[in-house]
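Visitor: here you go, sequence then predicted model.
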Amino acid sequence: MLMYHISTLQSKGLRLSKNTMQHLLAEQVDIKSKRARLGLLVKHNIDQNKLFLKDALRRFSLDRFSHKVTVERELLQSKYSILKAMNPDSIIQRGFAVLRNENGEIITSINKINQGMIIQATIRDGEINSTVNSVSGEQL
């Protein structure tokens, strides 16, 4: 490009000294060198920013995943605590008994018991088989 401008000036009768031409050519080489170096610096800067953004995205994704795992773990722990409290074995361990009829069905109401019926009571350390002598309470 510089040579084109020099040729244009010379065609119009203007002459540049050899020293000036050498200086202009050196400047052109220096500009090309700086432009190439700037291009490398820009590329390096873009590459560094890409790495930073990829790392930030990875950390953000890990933080979100970690948070989700923590929330799910707490929810699971809560549900486990409820299930553990409702577990018949836990209830029996606290001193209660589970009554079953002759078919092994759990007795949940006085209405399901009759005099002379054989029932089984499961307690903390074993089972008791009994015969019902009498039934009292509100029968429907």
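Guide: Everything's here; your move. Computed from a prediction, not measured in an experiment: that's the story for all the values here.
Visitor: residue ranges of each domain in this structure, please.
Guide: 18-86, 88-131 (automatic domain parsing).
Visitor: now the spatially most central residue of the chain: how far from residue 102?
Guide: Closest to where the C-alpha atoms of the chain average out (Cα atoms, centre = their mean) is residue 65, at 1.6 Å. According to Cβ to Cβ, to the nearest Å, residue 65 and residue 102 sit 54 Å apart. Placement of C-beta: from N, CA and C, glycine included.
Visitor: now do the helices in the protein.
Guide: 2-11, 18-86, 88-93 (DSSP state H).
Visitor: can you put the ones you listed in TSV and add mean pLDDT and distance to residue 106?
Guide: Output for these, formatted as TSV (pLDDT from 0 to 100; distance: least, Cβ to Cβ, whole Å):
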stretch	mean pLDDT	distance to residue 106
helix 2-11	69	100
helix 18-86	88	14
helix 88-93	86	9
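Visitor: I'd like these as JSON lines, with distance to residue 117 appended.
Guide: Listed next are the helices of the chain as JSON lines, based on distance: least, Cβ to Cβ, whole Å:
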{"stretch": "helix 2-11", "distance to residue 117": "114"}
{"stretch": "helix 18-86", "distance to residue 117": "27"}
{"stretch": "helix 88-93", "distance to residue 117": "21"}
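Visitor: what about these, which gets the closest to residue 131?
Guide: Distance to residue 131, taken as Cβ to Cβ, is lowest for helix 88-93 among these, at 21.8 Å.
Visitor: residue 101: how many residues sit nearby?
Guide: Counted with other Cβ atoms under 10 Å, residues neighbouring residue 101 total 15.
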